[in-house]
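Provide a 3D model corresponding to the input given below.
(2 chains)
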Amino acid sequence: MVNFQDLKRISDYEWEIPKSFREDMRVPVRLFATRAMLEDVMKDKSLEQAVNATTLPGLVGHVIVMPDMHQGYGFPIGAVAATRLPDGVISPGGIGYDINCGVRLLGSQISLDLARPHLDALATSLNHFCPSGVGQKGAVRTSEAELIAVCRQGSRWALKQGFASEADLRRTEEEGCVEGANPDKVSVRARERGRPQLGSLGAGNHFIEVDLVEQVFDTTAASVMGLEQGNLAVQIHCGSRGFGHQICTDYVEEFQGAARRFGIHLVDRELVCAPLDSREGQDYLAAMRCAANYAFANRQILAHNARKAFEQVLAGKVKDWHLHQVYDICHNMGKIEMHIIDGERMKVLVHRKGATRAFGPGSPELPEEYQSIGQPVLVPGSMGTASWVLIGTETSMTQSFGSTCHGAGRLMSRHEAKRAVRGEKLRQDLESGGIHIRTGSLAGLAEEAPQAYKDVDQVVQAVVGGGIARKVARLVPLAVIKG
Amino acid sequence: MSTAFGFRENQHTADWELEAWAADFPSLLEQSARGMYTLSGMRLQVGSRQRRTIKLHGDDAESLLVGFLTELLWLEQGEGLAFDSFSITVDQQYNLQAELGGSAISNLDKEIKAVTYHNLAVQTTEQGLRVIIVFDV
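Alright, predicted model coming up:
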C-alpha cells in the first residue's frame, strides 16, 4: 500500500514514487495530480496498480499516471508506460479491452441562439441515427470481406463508402488508419462479434453529446480548430465494441502461456505480456491494430450519422448546419513512437490506458494546420458537466511520452452511484438544467451521475499546472445521448 | 459468507468486483456464473428451453474459471442465450464439462466487456473455496 510519505514532491502538480519503494520496480512512477487528488486516490488501489505496472520488462523512463487516475485491473486507468524496442514487452491489459476507445469532436458555425428551439429535436434525431445501448446492432451491416477491409483501412474504408471526407481523415490520429493491421491474427469469434456492431455507440460511459463552446482560452488555437464561443460542437465517445473486447480477451489468454515461456514474472496475471519481437507480441500488435482501425471507422460512421441528424433537423432553419471535424483521439492504445528518454532518442511502444496522446507543436505526426499549435486533446467530463479541448505541449513530449489525461476519472463505484442517485431524478435534474437526455437505461444513467466522477476542471488544472497540456476551450452539454 | 454457497458484489471504482464462494470447484463455477448474470441484470424468456454443452481445458483453476465465464459471455453476446441450470464436472487435469440449461435473454441491463485475471486466485477456506473476480464493464 502506498502512503503519502512514500511520495516525493516534484512540484504542486507532479509527484514521484521512487524505484526504492518496492524491490521489483524497474522504473519510478511519475504522478500528475494535486495533493488533494492524491489523498483521494489513496482510497482505492490505483497507486498499487501503478507500482505493479513498473515491474514489466523493458520499461523506460517512468510509468506516468494522470490526475484522472482510478482503480482498474492490471494497470490503473490513466496510465502511460513505454517499453524499449525491440525486446521490451507489449501488454494487452496495458491497453485495455476497449481497444482505441476514443473521442471525436466536431465543430460548427451554429450559434446556440439559433439552435436553442431545435435542441430537443436534435437529441431525438441523434438518438435515431446513432444506435446505442446494450447489445445494439450497428448502423452498417458488413460482410466478412468488408470487415477485413475495415481492419486494414479504418477510416479510409469509411471514406470509400461515403461516410467520411478527406478533411475528416487528416484530422484523425494516425489519419484514421494504423498501418500493420493483420486480420489473419483476429479470431473467428472476434470477427463474428465485430461484424454486426459497426456504427454503434454501445453502452456504459459511451455517449454522443451536443455541446456549447462556453469559453475560449486560446483564441488562436480555437480559431485554427474552427471553435468559436457561443457555437455548438458535438462529441462522440466510443471504441471498438465487442470486436476489440474479444481480441483483448483472446490475447490475454494466449499470453498467459507466453509469459511463462519467456520467464516473465507477473505480480498480477492481468499484466500478462510478451516481448514485442516475439511471434506472440507481433501477433497481438497486428490484431490490436485491426481493432484500432475498426474503432476509427466506427466513430467515423457515427460522425456521418450525426451530420445526417443535424441536416434533418436544422437544414433550412440555420444558414450553415455542417459539422466539421476538429480531431479524433485514442485513449486506449499501444503505439510505436520516437521519444527522447534520459537524453537518448529511442523507439518505444507507448501503452496508453485511459490517457490521451498530446503531441506538442512541430510534431510531424500532426496535420499541417495543427503543426504550429500542437495536437488537439479532447477531455470529456462526466455527464452533465463540462468537457475540455486542450493542446499538447513541448513539456508533454519530454515529461509524459507526449500524453495527458483522458477524462474526469471515476470517484465512486457504479454500485455506490446507483445507490446514491435515482436515474429518473437525475434525468429530471439534468433536463431542468437545460440538458436534453436520451438514454436506453435509467440505471445506466445513474451509474454515470456527475457525483460519481472527479471534477474535470480540477483534473484539467492539474495537467495544465504540470505543463503537459494547455487550455483551448471549455464545453458545456446541451444534449446527451447514451445507451 | 454466512451460507455454504453464494456471491456478492464488492466495491470497485470503475468496474465490477464479484466475490463467490462454494463447497467445491464446480459449485464455485456455478456461483460465479450466477453472480455474473445477476450483476448484468440478466432475465430469461419464459418458454422454449435451450441446452448447451461446454467442454474446456484450463492450465489451472483460475484459467478454467476465466475460460468458463468467457464462454458464457460469448453465448450471451453471440447467441443471445443465458442459463439458469448448471451441471458441471471438472477432473484433476482441469478438464471441464458443463451441461447448461437456459433460454433466450429477455433483458440485459449491462454489458460485460471481459472477465479479467486481475488478482485472480481461487482460495481455500474453512467452508470450501472462494474467489474474487473483476469484470471490465
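
going by C-alpha atoms from here, please, whenever you check contacts or count neighbours.
OK.

near the residue in chain B that chain A sits nearest to, how many other residues are there?
Ranked by Cα to the nearest Cα, the top residue of chain B for proximity to chain A is residue B:13, at 4.1 Å. When neighbours are counted by other Cα atoms under 10 Å in any protein chain shown, residue B:13 registers 25.

what secondary structure does it sit in?
coil (DSSP: H, G, I helix; E, B strand; the rest coil).

that one touches residue A:411, doesn't it?
Yes - counting by Cα atoms under 8 Å, residue A:411 is a contact partner of residue B:13 at 6.3 Å.

what do the two both touch?
Among the neighbours of residue B:13, those also in contact with residue A:411 (Cα atoms under 8 Å, 6 or more residues apart in numbering or on different chains) are residue A:70.

quick revisit: who's in contact with the residue lying closest to the residue of chain B closest to chain A once chain neighbours are set aside?
Take residue B:13 and drop its neighbours on the chain: the residue closest to it by Cα to Cα, 6 or more residues apart in numbering or on different chains is residue A:413, 4.1 Å away. Neighbour list for residue A:413: A:447, A:452, B:11-15 [criterion: Cα under 8 Å, 6+ apart].

could you pull up phi and psi at the spatially most central residue of chain B?
The residue lying closest to the centre of chain B (Cα atoms, centre = their mean) is residue B:33, at 2.2 Å. Phi and psi for residue B:33, reported as degrees, to the nearest 10, are phi -60, psi -40.

could you show me where the strands are in chain B, in order?
Assigned by DSSP state E, the strands in chain B fall at B:6-10, B:16-22, B:43-44, B:50-57, B:81-90, B:95-107, B:114-115, B:123-124, B:129-136.

can you say which of the ones you listed is nearest to residue A:376?
Minimum separation from residue A:376 across those (Cα to Cα) falls at strand B:129-136, 28.4 Å.

that closest one vs strand B:6-10, what angle?
40 degrees (axes from the mean of the first three to the mean of the last three Cα atoms, to 10 degrees).

what ranges do the strands span in the stretch 301-450 of chain A?
A:323-330, A:332-341, A:344-353, A:356-357, A:376-379, A:387-391, A:403-404, A:436-439 (DSSP state E, counting those that start in this stretch).

any idea of the mean pLDDT in the fourth one?
Which is strand A:356-357. Across strand A:356-357, pLDDT averages out at 98.

elements contacting that strand?
The contact analysis (3 or more Cα pairs under 8 Å, 6 or more residues apart in numbering or on different chains; DSSP states H and E) places strand A:356-357 against strand A:323-330, strand A:403-404.

what residue in the stretch 301-450 of chain A comes nearest to chain B?
Closest approach of the stretch 301-450 of chain A to chain B (Cα to the nearest Cα) occurs at residue A:413, with a separation of 4.1 Å.

can you check the pLDDT for that residue?
Residue A:413 is assigned a predicted lDDT (pLDDT) of 84.

likewise for the one 10 residues further on?
Residue A:423 carries a pLDDT value of 89.

pull the contacting residues for it.
Going by Cα under 8 Å, 6+ apart, residue A:423 touches A:442-446.

go again with 6 Å.
Residue A:423 makes contacts with A:442-443, A:445-446, as judged by Cα atoms under 6 Å, 6 or more residues apart in numbering or on different chains.

residue B:67: which of these is nearest?
residue A:443 (28.8 Å).

and residue A:23, that one's in a strand?
No - assessed by three-state DSSP, residue A:23 does not belong to a strand; its assignment is coil.

and it, how close does it get to residue A:52?
Residue A:23 sits at a distance of 11 Å from residue A:52 (criterion: Cα to Cα, to the nearest Å).

and the residue in the stretch 151-300 of chain A positioned nearest to chain B, how many residues sit next to it?
Using Cα to the nearest Cα, residue A:270 is the residue of the stretch 151-300 of chain A that sits closest to chain B, at 4.8 Å. Applying other Cα under 10 Å, we find 23 residues neighbouring residue A:270.

and it, backbone torsions?
Taking degrees, to the nearest 10 as the convention, residue A:270 sits at phi -80, psi -10.

quick one: contacts for it?
Contacts of residue A:270 (Cα under 6 Å, 6+ apart): A:74, A:93, B:117-118.

check residue A:171 too.
Here residue A:171 is in contact with residue A:327 (Cα under 6 Å, 6+ apart).

buried deepest among the strands of the stretch 301-450 of chain A, which one?
Looking across the strands of the stretch 301-450 of chain A with neighbours counted as mean count of other Cα atoms under 10 Å in any protein chain shown, the highest average goes to strand A:403-404: a mean of 36.

off-centre distance for it?
In terms of Cα atoms, centre = their mean, to the nearest Å, the centre of strand A:403-404 is set 11 Å apart from its chain centre.

check which helices and strands that strand sits against.
On a contact count with 3 or more Cα pairs under 6 Å, 6 or more residues apart in numbering or on different chains; DSSP states H and E, strand A:403-404 meets strand A:356-357.

list the contacts of the strand it packs on.
For strand A:356-357, contacts defined as Cα under 6 Å, 6+ apart pick out A:331, A:402-406.

swap in stretch A:126-133?
Outside stretch A:126-133, the residues within contact range by Cα under 6 Å, 6+ apart are A:200-203, A:305-306, A:309, A:440, A:483.

tell me the least confident of those?
The minimum pLDDT among these falls on residue A:483, with 79.

quick check: the closest residue to that residue other than its chain neighbours vs residue A:315, distance?
If the residues on either side of it in the chain are set aside, residue A:483 comes closest to residue A:133, at 3.5 Å by Cα to Cα, 6+ apart. Going from residue A:133 to residue A:315 by Cα to Cα gives 28 Å.

tell me where chain B is predicted with low confidence.
Where chain B drops to pLDDT under 70, the residues are B:1-2.

tell me which parts of it are close to chain A?
Residues of chain B lying near chain A by Cα under 6 Å from any Cα of the partner chain: B:12-14, B:111, B:113, B:117-119.

longest single helix anywhere in chain B?
helix B:61-79 (DSSP state H).

list the contacts of it.
So helix B:61-79 is contacted by B:58, B:81-82 (Cα under 6 Å, 6+ apart).

burial of residue A:18, as a residue count?
Residues lying near residue A:18 (other Cα under 10 Å) number 17.

ok, the residue lying closest to it once chain neighbours are set aside to residue A:113 distance?
What sits nearest to residue A:18 in space, not counting adjacent residues and going by Cα to Cα, 6+ apart, is residue A:28, at 4.8 Å. Residue A:28 sits 51 Å away from residue A:113, going by Cα to Cα.

what about the two, which has more around it?
Legend: neighbour count by other Cα under 10 Å for residue A:28 and residue A:113, higher for residue A:28 (22 against 10).

roughly how far does the more buried one sit from residue A:92?
Going from residue A:28 to residue A:92 by Cα to Cα gives 21 Å.

next one: residue A:483
Taking Cα to Cα, one finds residue A:483 at 26 Å from residue A:92.

pick the one among the contacts of residue A:413 closest to residue A:38.
Ranked by distance to residue A:38 (Cα to Cα), the contacts of residue A:413 are led by residue B:13 at 14.9 Å.
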